[in-house]
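>>> Below: sequence and its predicted model.
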Amino acid sequence: MLTLTILLAAILVILLYGAYTEDAKGTTLLTGLAALIAAVPLIMQPTTGALFQTDNGPLLLQTPLSNALWLITLLLTPAVLALGASNTKVTAKPEFSLLTLLSVAGALILITSHDFLSLYVGLELMSFPLYILASFQRDNARSSEAGLKYFILGALASGLFLYGVSLFYASTGSTNFSAALPLGTMPAAALTFMLVAFLFKLSSAPAHFWTPDVYAGAPTPALGIIATLPKLAVIAVLLRVLHLPLIGSLSLWQPVLLAAATLSMVWGSIAATTQTELKRLLAYSTIGNMSFMVLGLATGTPAAAAGTLFYVVTYILGTLGLLAIFRLLEDEQGTGPRNADGSEPARVTGHPSRVRGLPPQAESQLSTENLKGLLSRRPLLTVALAINLLSLAGIPPLAGFMAKLNVLMPAVNAGHIPFVLIALASSIVALYYSLNLIRHAVFSKPEKASETSQLPTLNVQLSTVVILTTVAALILGLFPGLLLTPLTILTTAFF
Amino acid sequence: MQEYFPILLFAAVGTFIAMVMLAIPMLVNPLRKTGTKLSTYECGFEEFDSPRKPFDVRFYLVAILFIVFDLEVAFLFPWAMALQDIPWYGFFSMMLFLIILTVGFVYEWKKGALEWE
């Protein structure tokens, strides 16, 4: 409670500070500080118990598990902010960090929510800043497109979710998680609508269509929050929803989630292989990675839940690292490959209908072209890129491997062997595109190997993020027990 | 679900009648497009302007701000009426809401959202 109060009060104060000073750097520092201060009560005096009691049950419920997830979220926030504030003309506004922090506050409410109403408030508080952040680059057509698509589809998902909640209310007479959903036609419809909305927020496969366009269009600093912390919050609350009010319908949601996981692992890995635009590729990689978390949720045992949460953390770290590297490449793009007349090379990617109508000055997107010759330009950055990519792909000594192992082993124990086999096959396909990126960075030469002498100095904040995520991928891969053991204890207590 | 059947019937019959009413003129009516027929009908006058011209985005901003403060009043009236029954807890809840709204108001003022020119 104290954590949430500190965070929300800080947002109000920093909003005024930002409005009066227009000081983007100061605002970022203050928001990062606020997130860390809000984490202090969680470490010093973690409280558990119900908040905002109603007749049907509490609106928020703090448990040791939710406290741990709060702590993870708040500790990752400064890294997300550092990515956002990496000082480009895009994000040099105080609103950028503020919206990020608001989204984090929404994520915290989502993690502790114990009622569909507080869940909805948290979900909207988390999503709304993301829509704005996606369209933050207002003079860029692709960014506006990303924001609008994200907003309209997100509103559709929220509407479906609300409809599901209303059917839930009609079936049980309560919106609280302490109510148990009975079996029947209307409860099944309620379950379906809610699951669709959750799968949308997770960008898992039948509801993943927004992901590539939003990822490709949104400014890279904004992706730092869009692609990371919300996924953790949604996974956490989905764990609660599935095992508190919906546990009676396990025979309904388990096949649905298994099917969604299968679809997204197959589509995420196959569609990613043809992408040349780095952020679109990251979007498909997200879809593919989400399938493992959905598989873990579908398995529904304490070990699988712990593995899923461990997977989210490694996924967030890997994605943050990759995004920071993309930002560094974007900074470098000014000295990157150019046409003979000095203009940016035209890179038409994606479906033609998306590209048509863009103004000619639309910024060119990062593509595999930008990676060429990275090894000769920046050897250490290439190593970091390789470690983060291989961690996301799940190569043994790295964190991603441990995450996949700890999701797949409980699934095997629960008897979902066909799904595990599909997951393994699709990770091999996923490995292809990861290795392909590394091949571009290591073996390819840039088409015009000029201007290598005047490399810009690396941004300090971004480099710190890259170093942290790389080291974390190594540490969590070698000693997964550091995070996995506490998570296992907490999820076992939850079940 | 049984008791909702009349609604389904109503929707089906309504859709059918509407489609028939649209289909008959399309099949029967001879289509003769003339300039007068296709032009915009504006109370018998010649049209003054194109109806599709973009309008100032500032109207949209004012509309949003109006909705925010309209909602505030919509909350304040029932709160004022029920204040007898919701002693200090209700009072401070509304004060908190008003403080948050005021911070937003100060923000929009500083940002120049209220300046017309």
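Right, received. Where do you want to start? All values derive from a computational prediction rather than experimental measurement. Residues are numbered from 1 along each chain as shown, chains lettered A, B, ... in the order given.
>>> what comes up buried for the longest helix that chain B contains?
Criterion DSSP state H: the longest helix present in chain B is helix B:57-82. Using 16 or more other CB atoms under 10 Å in any protein chain shown as the test for burial, helix B:57-82 gives B:Trp79. Placement of C-beta: from N, CA and C, glycine included.
>>> tell me the secondary structure for A:Pro245?
Secondary structure, DSSP: H, G, I helix; E, B strand; the rest coil: A:Pro245 is coil.
>>> dump the residue contacts of it.
A:168, A:172, A:176-181 (CB atoms under 8 Å, 6 or more residues apart in numbering or on different chains).
>>> Poorly predicted segments of chain B, please.
B:42, B:47, B:51, B:117 (pLDDT under 70).
>>> Can you pull the residues of it lying near chain A?
With the criterion set to CB under 8 Å from any CB of the partner chain, chain B comes near chain A through B:1, B:99-100, B:103-104, B:106-107, B:110-111.
>>> quick one on the thing from earlier: secondary structure, pLDDT and distance to chain B added to the contacts of A:Pro245, as TSV?
As requested, those are exported to TSV (DSSP: H, G, I helix; E, B strand; the rest coil; pLDDT from 0 to 100; distance: CB to the nearest CB, whole Å):
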residue	secondary structure	pLDDT	distance to chain B
A:Phe168	helix	92	17
A:Thr172	helix	89	18
A:Asn176	strand	89	21
A:Phe177	coil	89	24
A:Ser178	coil	87	24
A:Ala179	coil	86	22
A:Ala180	coil	85	22
A:Leu181	coil	86	18
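>>> Pull the contacting residues for the nearest residue to A:Ala190 once chain neighbours are set aside.
Counting by CB to CB, 6 or more residues apart in numbering or on different chains, A:Ala190 lies nearest to A:Leu167, which is 3.6 Å off, once chain neighbours are set aside. Contact analysis of A:Leu167 by CB under 8 Å, 6+ apart lists A:186-187, A:189-190, A:193.
>>> What of A:Ile6?
By CB under 8 Å, 6+ apart, the contact set of A:Ile6 is A:34, A:37-38, A:41.
>>> Would you tell me which one of the residues you listed comes nearest to A:Met126?
A:Ala38 (15.8 Å; CB to CB).
>>> Which helix or strand contains the closest one?
Secondary structure assignment for A:Ala38, by DSSP states H and E: helix A:24-44.
>>> buried stuff in that helix?
Those would be A:24, A:27-32, A:34-35, A:38-39, A:41-42, for helix A:24-44 by 16+ other CB under 10 Å.
>>> ok, now stretch A:262-278?
A:262-272, A:275-278.
>>> cool, and stretch A:482-492?
Neighbour counts over stretch A:482-492 (16+ other CB under 10 Å) mark A:483-484, A:487-488, A:490-491 as buried.
>>> same deal with stretch A:9-29?
Quick answer for stretch A:9-29 (16+ other CB under 10 Å): A:10-11, A:14-15, A:17-19, A:24, A:27-29.
>>> Repeat that for stretch A:241-261.
A:241-246, A:249, A:252-254, A:256-258, A:260-261.
>>> ok, now stretch B:7-17?
Residues of stretch B:7-17 include none that count as buried (16+ other CB under 10 Å).
>>> Relative to the whole chain's centre, how far out is that stretch?
Distance of stretch B:7-17 from its chain centroid, counting by CA atoms, centre = their mean, to the nearest Å, is 27 Å.
>>> Also stretch A:117-125?
Relative to the centre of its chain, stretch A:117-125 is centred 18 Å away, using CA atoms, centre = their mean.
>>> cool, and stretch A:226-234?
Remark: stretch A:226-234 is offset 4 Å from the chain centroid, using CA atoms, centre = their mean.
>>> who in chain A is up against chain B?
A:12, A:15-16, A:19-20, A:185.
>>> In contact with the residue in the stretch 51-200 of chain A that chain B sits nearest to, which residues?
Going by CB to the nearest CB, chain B is nearest to A:Thr185 of the stretch 51-200 of chain A, at 6.7 Å. A:Thr185 is in contact with B:Met1, counting by CB under 8 Å, 6+ apart.
>>> now it: how far from A:Ser166?
Distance from A:Thr185 to A:Ser166, counting by CB to CB, to the nearest Å: 15 Å.
>>> And for A:Leu2?
A:Leu2 sits 34 Å away from A:Ser166, going by CB to CB.
>>> With A:Ala50 instead?
Applying CB to CB to A:Ala50 and A:Ser166 gives a distance of 24 Å.
>>> hmm, back to that, among the contacts of A:Pro245, which two are most distant?
Of all pairs in those, the most separated under CB to CB is A:Phe168 and A:Ser178 at 12.6 Å.
>>> Give me the more crowded residue out of the two.
A:Phe168 (25 against 14; other CB atoms under 10 Å in any protein chain shown).
>>> my guess is that one contacts A:Leu195, does it?
No. Judged on CB atoms under 8 Å, A:Phe168 makes no contact with A:Leu195 at a distance of 11.9 Å.
>>> Please point out which parts of stretch A:93-100 sit buried.
Neighbour count says stretch A:93-100 has A:94-100 buried, by 16+ other CB under 10 Å.
>>> With respect to A:Thr63, which of those is nearest?
A:Thr100 (25.8 Å).
>>> Domain-wise, how is chain A divided?
A:1-245, A:262-336+A:366-495 (automatic domain parsing).
>>> So for B:Val13, which of these sits nearest?
domain A:1-245 (24.4 Å).
>>> In chain A, what residue lies closest to chain B?
A:Ala19 (4.0 Å).
>>> With just CA atoms, put the one helix or strand that residue maps to into PDB.
Using DSSP H and E, A:Ala19 sits in helix A:2-21. Presented in PDB, the C-alpha positions along helix A:2-21 are these (Å, rounded to 0.1, in the frame of the first residue of the first chain):
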ATOM      1  CA  LEU A   2       2.800   2.400   1.000                       C
ATOM      2  CA  THR A   3       4.600   1.500  -2.200                       C
ATOM      3  CA  LEU A   4       1.600   2.400  -4.300                       C
ATOM      4  CA  THR A   5       0.900   5.600  -2.400                       C
ATOM      5  CA  ILE A   6       4.500   6.700  -2.800                       C
ATOM      6  CA  LEU A   7       4.500   6.000  -6.500                       C
ATOM      7  CA  LEU A   8       1.200   7.800  -7.200                       C
ATOM      8  CA  ALA A   9       2.000  10.800  -5.100                       C
ATOM      9  CA  ALA A  10       5.400  11.000  -6.800                       C
ATOM     10  CA  ILE A  11       3.700  10.900 -10.200                       C
ATOM     11  CA  LEU A  12       1.500  13.900  -9.200                       C
ATOM     12  CA  VAL A  13       4.500  15.900  -7.900                       C
ATOM     13  CA  ILE A  14       6.800  15.100 -10.800                       C
ATOM     14  CA  LEU A  15       4.000  16.000 -13.200                       C
ATOM     15  CA  LEU A  16       3.900  19.500 -11.800                       C
ATOM     16  CA  TYR A  17       7.700  19.600 -11.800                       C
ATOM     17  CA  GLY A  18       7.800  18.600 -15.400                       C
ATOM     18  CA  ALA A  19       5.100  21.100 -16.400                       C
ATOM     19  CA  TYR A  20       6.900  24.000 -14.800                       C
ATOM     20  CA  THR A  21      10.500  23.200 -15.800                       C
END
